[in-house]
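>>> Predicted model, plus sequence, below.
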Amino acid sequence: MLVLQSELKTVADYAALPDDGEQYELIGGEIIMVPTPSTFHQDILTHLIETIGPIVRQRRLGKILPSPVNVFATEHDVYQPDLLFVRRNNLGIFKMDGVHGAPDFVIEILSPSNAYYDLRQKKSVYERIGVREYWIVDPMERSIDCFQNSANAFVPVESNKQTGRICSAQIPECCVEVGSVFDV
């Protein structure tokens, strides 16, 4: 990711960015341009949407959306997670410009340019604002790590490398075969 500014920026600065077709995130007060994801990243995302999406829609559990959707987390943090889920009883956090508050479930797919942010800064903010479940999908390791928020601290629940299943606590009966996520 390319850092565009060095002084602490706010949501207002983020909102003033030009609509030039580029994607940006506000991370810790820095406006960061998000590079176009690789095709492998997009294949993984598509597989996750095709696996999780029908469960959410058929059971009318809430709303699931892929990036780019702004998540306004704090005055200095606006993220675009790869995939987010908001329970039906929490849909009031959706506004025209994005999600204002904590999605119930967030998935981030690591890439060389974003791994630090996803594993450190964003994970910490997601934890603090009350995201209930956070999955980190690592294409290089072919693994998925699942964290549940317990008393405002993420607790690792599952870590599956290359094989096995990982199940969501936020989306009942939603399990993903780890190997199939990367065999796209």
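In hand now; what should we look at? These figures come from a predicted structure and were not determined experimentally.
>>> Show the subsequent helix or strand relative to the helix or strand of the chain with the lowest mean pLDDT.
Ranking every helix and strand in the chain by mean pLDDT, DSSP states H and E puts strand 2-3 at the bottom, with a mean of 53. Going down the chain from strand 2-3, the next helix or strand is helix 11-15, by DSSP states H and E.
>>> in that next one, what counts as buried?
By neighbour count on 16 or more other C-beta atoms under 10 Å, the buried set for helix 11-15 is 11, 13-14. Just so you know, the C-beta spots here come from the backbone N, C-alpha and C atoms, and that holds for glycine as well.
>>> swap in stretch 17-26?
24-26.
>>> measure that stretch end to end?
11 Å (C-alpha to C-alpha, to the nearest Å).
>>> Any chance you could list what contacts it?
1, 4, 9-11, 13-14, 31-34, 67-68, 76-80, 117 (C-beta atoms under 8 Å, 6 or more residues apart in numbering).
>>> which residues touch the nearest residue to E127 once chain neighbours are set aside?
Once flanking residues are discounted, E127 sits nearest to F154: 4.7 Å by C-beta to C-beta, 6 or more residues apart in numbering. When contacts are counted by C-beta under 8 Å, 6+ apart, F154 touches 123, 126-127, 134, 147-148.
>>> Can you tell me which residue sits nearest the middle of this protein?
The residue lying closest to the centre of the chain (C-alpha atoms, centre = their mean) is P81, at 2.9 Å.
>>> which stretches of the protein have low pLDDT?
Across the chain, residues meeting the criterion (pLDDT under 70) sit at 1-6.
>>> Try it again at 50.
Counting by pLDDT under 50, the ranges of the chain that qualify are 5.
>>> In it, spot the helix with the most residues.
helix 39-58 (DSSP state H).
>>> if we can go back for a sec, which among the contacts of stretch 17-26 end up buried?
Neighbour counting over these (16+ other C-beta under 10 Å) leaves 1, 9, 11, 13-14, 31-32, 34, 67, 76-80, 117 as the buried ones.
>>> of those, closest to P54?
Within those, distances to P54 taken as C-beta to C-beta reach their minimum at S67, with 19.4 Å.
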